[in-house]
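Undergrad: Structure for the following, please:
(one chain, ligands or ions: 1)
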Amino acid sequence: MRIDNLSTTMGTAVATGWEPEKLSDADVVDGEAYHRALYHNGNTNEPVNWHKNSVGKLIETAMPHIVDGSLVVDYGSGTGGSAIELLKSLDERGMKIELVLIDPLVSWFSKARELLGGRDDVHFELSIENDSSGRTSFRRLEDILDGR
Ligand SMILES: C[S@@+](CC[C@H](N)C(=O)[O-])C[C@H]1O[C@@H](n2cnc3c(N)ncnc32)[C@H](O)[C@@H]1O
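TA: Residues are numbered from 1 along each chain as shown. Predicted structure coming up:
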């Protein structure tokens with residue numbers, strides 16, 4: 001599935017891994033606000049210049065290290081802004097990867113899930129967990145990737 005087909009897949013969960021539950025109105029607003037800071041009117045086909053230019057440099061650096069079938073980890077995915085631009089570049093080249101998105105911030109990460117949850121090449125992992133006493137800690141990357 002290509003990134004420019006996002007709208008037709010909203011609500012269809014194909015991606016694997018974490019999904020939000022009990023999202024508050026404030027979380028929804030927060031995710032939407034950051035997404036709209038990256039994309040004019042929230043349209044993923046219209047990145048604002050600062051986002052397009054900064055992520056463009058990142059993608060330029062990463063692309064020579066990515067081949068078909070690569071495992072790519074986006075640590076600190078937020079609303080998916082970098083992932084969306086990376087997937088656009090890969091889709092244009094006809095390349096298919098396994099993309100793992102990782103973030104601790106439920107409000108932003110939920111927006112990423114909404115935007116990219118229709119893709120079968122994307123996997124979501126929340127980077128924090130609560131132990132039995134309710135204490136929150138970051139998960140180890142090795143545990144998150146679980147042998148991938
Ligand atoms: C500036 S945002 C960038 C988001 C995204 N990469 C983009 O291009 O829009 C930084 C992200 O890193 C996440 N973050 C901060 N500390 C983190 C940590 N220790 N582990 C994983 N993600 C973290 C934040 O929740 C936030 O979503």
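
Undergrad: Please list the residues of the chain that sit near the ligand.
TA: 38, 55, 75-79, 81-82, 102-105, 108, 127, 138 (C-beta under 6 Å from any ligand atom). (C-beta placed from N, C-alpha, C; glycine too.)

Undergrad: does residue 124 count as helix, strand or coil?
TA: Of the three states, residue 124 takes strand under DSSP: H, G, I helix; E, B strand; the rest coil.

Undergrad: For it, give me the pLDDT.
TA: We have a pLDDT of 98 for residue 124.

Undergrad: So it sits against residue 109, correct?
TA: Yes: using C-beta atoms under 8 Å, residue 124 makes contact with residue 109 at a distance of 7.1 Å.

Undergrad: overlap in contacts of the two?
TA: In terms of C-beta atoms under 8 Å, 6 or more residues apart in numbering, residue 124 and residue 109 are both contacted by the residues 18, 101.

Undergrad: Do you have the strands of the protein handy? List them.
TA: Here the chain has its strands, by DSSP state E, at 16-17, 71-75, 98-103, 122-126, 128-130, 136-138.
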